[in-house]
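Participant: Quick check, what structure comes out for this input:
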Amino acid sequence: MTSTIPILEARGLTRSFGAVRALDHVDFDINAGEVVALIGDNGAGKSTLVKALSGNLALDSGEIRYAGGVVDLNSTTAASKLGIETVFQDLALAPHLNPAQNMFLGREIPAPGVLGKLGFLDTKAMRLRSKAAFDDLGATVRSMTDPVGGMSGGQRQAIAIARAVAWAKGVIFLDEPTAALGVVQTKNVLETIRRVRDKGVGVVFISHNMPNVIEVADRVQVLRLGRRIATFEAKKTNMEELVAAMTGALDGAGA
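Facilitator: Numbers count the residues shown, from 1 in each chain. Predicted structure coming up:
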């Protein structure tokens, strides 16, 4: 950890959908250069919290701080400007575009000189930088020119993760990033998480895979019924304790 002030902090966030309170005065914090695993049973509020902290969901009340200052994450653009990137389970890729086009979607590199002023893009530069990002992740992308809609789930997952890693400067949220991956690709993702952390970026790792959580996380924060009910140091906990916290057997333990 590189700072005593959290790079991203949530205080008392609430959000209801009709009669259902998805977030109930939930707190959350992550430091720069730290991996925090966010775990909880289905319906615990994990996805809702991630959407709120990545500019994808308006809140009913609560406060979000970035590097100590209060911020209004009212859009994904606002989050991206702070260096917050997210890989959701649905990946949010454009299926008709190729890997490089997805990598630079909204961040296209204009062609040099007059061509750039006329709206032409530097396709070669985007492909080269995309390939370097995929290679750094250890991802095998079948083609740099084919639409991603025709690629396997594992390849699409790798493209989405590589894109987020390439642009994240402050915090990256990874929502079940290894769910569709094999053993080798999962290992590559976990190694990438460590490399991103070592660059000073905070990594929020949402997963149901407890061995992966304990292996890669520095801390584990547990949500249940829209509240953070426990925080553990990963090196000092085990799967049994984490599952007990998720199910309510250890309410308040470690918090």
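
Participant: Using the three-state scheme, assign the nearest residue to residue 103 once chain neighbours are set aside.
Facilitator: Counting by C-beta to C-beta, 6 or more residues apart in numbering, the nearest residue to residue 103 once its immediate chain neighbours are dropped is residue 130, at 4.2 Å. C-betas here are computed from N, CA, C, even on glycine. Secondary structure state of residue 130, per DSSP: H, G, I helix; E, B strand; the rest coil, is helix.

Participant: so what's residue 130 up against?
Facilitator: 99-100, 103-104, 144, 162 (C-beta atoms under 8 Å, 6 or more residues apart in numbering).

Participant: okay, the residues you listed in a markdown table with pLDDT and neighbour count next?
Facilitator: Formatted as a markdown table, these follow (pLDDT from 0 to 100; neighbours: other C-beta atoms under 10 Å):
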| residue | pLDDT | neighbour count |
| --- | --- | --- |
| 99 | 94 | 30 |
| 100 | 94 | 26 |
| 103 | 92 | 25 |
| 104 | 93 | 22 |
| 144 | 89 | 17 |
| 162 | 85 | 26 |
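
Participant: Narrow those to those in helices?
Facilitator: 99-100, 103, 162 (DSSP state H).

Participant: Need the max-distance pair from the residues you listed.
Facilitator: 100 and 162 (10.9 Å; C-beta to C-beta).

Participant: measure the residue nearest the centre of the chain to residue 79 for me?
Facilitator: The structure's the chain has its C-alpha centroid closest to residue 173; by C-alpha atoms, centre = their mean the separation is 1.3 Å. In this view, residue 173 and residue 79 are 9 Å apart by C-beta to C-beta, to the nearest Å.

Participant: Identify the contacts common to the two.
Facilitator: 53-54, 85-86.

Participant: Nearest to residue 149 among the residues you listed?
Facilitator: Nearest to residue 149 among these, with distances taken as C-beta to C-beta, is residue 86, at 20.7 Å.

Participant: List the neighbours of the host helix or strand of that closest one that are in contact with it.
Facilitator: Residue 86 belongs to strand 84-87 when assigned by DSSP states H and E. For strand 84-87, contacts defined as C-beta under 8 Å, 6+ apart pick out 8, 50, 53-56, 66, 73, 76, 79, 160-161, 163-165, 167-168, 170-175, 177.

Participant: Pairing partners for that strand, with directions?
Facilitator: strand 171-175 (parallel) (DSSP bridges).

Participant: mind giving me the domain ranges of the protein?
Facilitator: Under the assignment automatic domain parsing, the domains of the chain span 8-83+168-247, 93-151.

Participant: most tightly surrounded among those domains?
Facilitator: Mean neighbours per residue, mean count of other C-beta atoms under 10 Å, is largest over those for domain 8-83+168-247, with a mean of 19.

Participant: Which one of the shared contacts of residue 173 and residue 79 is nearest to residue 117?
Facilitator: residue 85 (29.1 Å).

Participant: can you count the residues close to the closest one?
Facilitator: Close neighbours of residue 85, defined as other C-beta atoms under 10 Å, add up to 23.

Participant: Equivalent analysis for residue 156, please.
Facilitator: 20.

Participant: any idea how far it lies from residue 149?
Facilitator: 8 Å.

Participant: Ok, residue 103 next?
Facilitator: 15 Å.

Participant: and if you look at residue 133?
Facilitator: Residue 133 is 20 Å from residue 149, by C-beta to C-beta.

Participant: swap in residue 181?
Facilitator: For residue 181 relative to residue 149 (C-beta to C-beta), the value is 19 Å.
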